[in-house]
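Trainee: I'd like to go over a predicted model; first the sequence, then the structure.
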Amino acid sequence: MLKIVSRLFFLSIILLSLSCAAKRVEMPVYEGVDFREILSSRNNISSIDTTFSITFEKEDTEIRGDGVLKVLKNGDMTMRVYSFGFLAFEMKSQNGVIKTIPVIDRNKGTILTNGLRDCLFWWDMKDFEIEESESDYLLRNLTRMLWIDKKTIFPKKQIISLEDGRELDIFYENPEKSGDVWYPSKIRIELSRYAVTLRIKDISFTPDA
């Protein structure tokens, strides 16, 4: 009798776990659809609000925190990062003028402005040429190179050329969905000896008024 009760108990635990497990929704497949239509459908997004966990890396040093970010299509943004519940970093960028508390060096400022804006608004790319491989589209203009999966129209990688000749390398992973918009929930940005990894917890896309 005890064995039967134990088996029923463990079976109920397994069934409960399966019922509570999040069902992963498969990404749509856009084969045969002009990918430009998919990209242009996002052109009305004027701002992105997100909460995230963040890891700053420099050589063998890591700093972790949680943050909130609002970034506009024109590049203006506000960002706050908390560590152990305390405000550890604050940034405001408006019309190209960056203010941070505490003051940060140029590399970190570049990642947190140019990097965040273009990596989140990855579809906002003008005057590009297209190269195709079996699995990807490569969009290229004077300052950016963007690899997109041909089936899902999901970004894989982006390279941004900076005015000083350096490059920002951006890598996208873990597709998730907010409303009707698919987005990468893990983003890694690399520049020289610096790297920033974002793991997005929540995100919203605000259309033009």
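Mentor: Noted; the coordinates are in hand.
Trainee: When you work out contacts or count neighbours from here on, use the C-alpha atoms and nothing else.
Mentor: Fine.
Trainee: and N141, how many neighbours does it have?
Mentor: 15 (other C-alpha atoms under 10 Å).
Trainee: What separation do you get for it and D208?
Mentor: 26 Å (C-alpha to C-alpha, to the nearest Å).
Trainee: E190 too?
Mentor: Counting by C-alpha to C-alpha, the gap from E190 to D208 is 31 Å.
Trainee: When the two are compared, which one has more neighbours?
Mentor: When E190 is set against D208 and neighbours are counted by other C-alpha under 10 Å, the residue ahead is E190, at 19 against 9.
Trainee: Chain neighbours aside, what residue packs nearest to that one?
Mentor: The shortest distance from E190 to any non-neighbouring residue, by C-alpha to C-alpha, 6 or more residues apart in numbering, is to D169 (5.1 Å).
Trainee: Now E90. Its backbone dihedrals?
Mentor: phi -140, psi 140 (degrees, to the nearest 10).
Trainee: nearest residue to it other than its sequence neighbours?
Mentor: Closest residue in space to E90, ignoring its immediate chain neighbours: R80 at 4.5 Å, by C-alpha to C-alpha, 6+ apart.
Trainee: Let me see the mean pLDDT of stretch 178-192.
Mentor: Taken as a whole, stretch 178-192 carries a mean pLDDT of 93.
Trainee: ok, now stretch 66-73?
Mentor: Stretch 66-73 carries an average pLDDT of 96.
Trainee: Pull out the CA atoms of that stretch and give them to me as PDB.
Mentor: Provided in PDB are the C-alpha atoms of stretch 66-73 (Å, rounded to 0.1, in the frame of the first residue of the first chain):
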ATOM      1  CA  ASP A  66      19.700  44.800 -12.700                       C
ATOM      2  CA  GLY A  67      18.500  47.800 -14.700                       C
ATOM      3  CA  VAL A  68      15.800  49.700 -16.500                       C
ATOM      4  CA  LEU A  69      16.100  51.400 -19.900                       C
ATOM      5  CA  LYS A  70      14.100  53.600 -22.100                       C
ATOM      6  CA  VAL A  71      15.500  54.300 -25.500                       C
ATOM      7  CA  LEU A  72      14.000  56.300 -28.300                       C
ATOM      8  CA  LYS A  73      14.300  55.800 -32.000                       C
END
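Trainee: That's all I had, so thanks and see you.
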